[in-house]
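Engineer: Have a look at this prediction, sequence included:
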Amino acid sequence: MAESDEETAYYTVEELARLIKASRSTVYNRARKYGIKLSGEYTEEQIHTLGRPIKGVSKTPVERIRTQLDSERKAEIGVLEQKHALELESLKREYEAKVSALKASNETIIAALEAKQAKEVADIEREHDRTAKDWEHMRNTLEAQLQGMNEQINGLAAQLPKLIGDAVNHQLKLAEQRERRAREVGTQVKTKVEKPESKM
């Protein structure tokens with residue numbers, strides 16, 4: 001009975017994931033899809049099969065990294081915008097509460113004047129002035145924060161291309177290092193496979 005001429009390589013799932021440049025969960029999914037048992041021993045054909053995506057054409061490393069980073073940056077901007085929206089809503093509620101208080105204060109002043117309660121009128125007017133100043137301060141604060149939020153979002157959008165470029169270069173260097181390590185591991189494993197044949 002003739003044995004297969006294909007060489008067998010030995011990898012852990014983590015080493016296999018680095019070799020085919022995929023995550024461990026992707027390795028498990030593809031192994032299940034293509035009916036390959038993750039036993040630690042693999043032929044070149046099995047490794048090649050595991051390296052194929054389940055459907056569609058895989059993107060180049062640069063495209064994958066660029067797409068991932070673009071999604072991450074957009075997500076960060078989305079989170080920041082959501083946070084600013086919540087802060088704006090909170091400020092808006094405070095502003096509306098101040099306006100309501102100011103209206104109530106005006107109504108109280110009118111009632112006090114009609115009752116000729118001079119002392120109460122003076123106290124209420126002072127409170128009215130304080131409330132009006134608080135409202136003015138709140139409005140100025142709201143406008144300043146809105147301007148700051150817009151500047152921050154515009155700054156992030158302006159920095160996005162450079163951040164993506166830097167991250168892509170960094171990820172490419174990491175990918176080259178992983179590929180070099182994978183080749184070294186492949187050479188070491190092949191040496192281990194060939195040594196048992198010298199016994200006898």
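Structural biologist: Done, it's in. Numbering: from 1, shown residues only.
Engineer: gap between the residue nearest the centre of the chain and residue 181?
Structural biologist: The geometric centre of the chain, computed from its C-alpha atoms, lies nearest to residue 72 (C-alpha atoms, centre = their mean), at 3.9 Å. Applying C-beta to C-beta, to the nearest Å, the value for residue 72 to residue 181 is 25 Å. Where C-beta positions appear, they are placed from N, C-alpha and C, glycine not excepted.
Engineer: Wait, a strand at the residue nearest to the centre of the chain?
Structural biologist: No - Residue 72 is assigned helix when assessed by DSSP: H, G, I helix; E, B strand; the rest coil, not a strand.
Engineer: how near is it to residue 98?
Structural biologist: Distance, residue 72 to residue 98, by C-beta to C-beta: 39 Å.
Engineer: Which residue ranges of the chain form helices?
Structural biologist: For the chain, the helices defined by DSSP state H occupy 13-19, 24-34, 44-50, 61-114, 118-194.
Engineer: which of those helices sits most buried?
Structural biologist: With neighbours taken as mean count of other C-beta atoms under 10 Å, the helices of the chain reach their highest mean count in helix 13-19, at a mean of 18.
Engineer: Export that helix to PDB, keeping only CA atoms.
Structural biologist: Provided in PDB are the C-alpha atoms of helix 13-19 (Å, rounded to 0.1, in the frame of the first residue of the first chain):
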ATOM      1  CA  VAL A  13      -3.900  26.300  16.200                       C
ATOM      2  CA  GLU A  14      -2.200  29.500  17.200                       C
ATOM      3  CA  GLU A  15       0.800  28.800  14.900                       C
ATOM      4  CA  LEU A  16      -1.500  27.800  12.100                       C
ATOM      5  CA  ALA A  17      -3.500  31.000  12.500                       C
ATOM      6  CA  ARG A  18      -0.300  33.100  12.300                       C
ATOM      7  CA  LEU A  19       0.800  31.100   9.300                       C
END
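Engineer: Quick one: list the elements packing against it.
Structural biologist: Using 3 or more C-beta pairs under 8 Å, 6 or more residues apart in numbering; DSSP states H and E as the contact definition, the elements that helix 13-19 packs against are helix 24-34, helix 44-50, helix 118-194.
Engineer: What average pLDDT does it get?
Structural biologist: Here helix 13-19 scores 90 as its mean pLDDT.
Engineer: So what touches it?
Structural biologist: For helix 13-19, the surrounding residues in contact (C-beta atoms under 8 Å, 6 or more residues apart in numbering) are 11, 23-24, 26-28, 38, 42, 47, 50-51, 178, 181-182, 185-186.
Engineer: change it to 6 Å
Structural biologist: 24, 27, 38, 178, 182, 185 (C-beta atoms under 6 Å, 6 or more residues apart in numbering).
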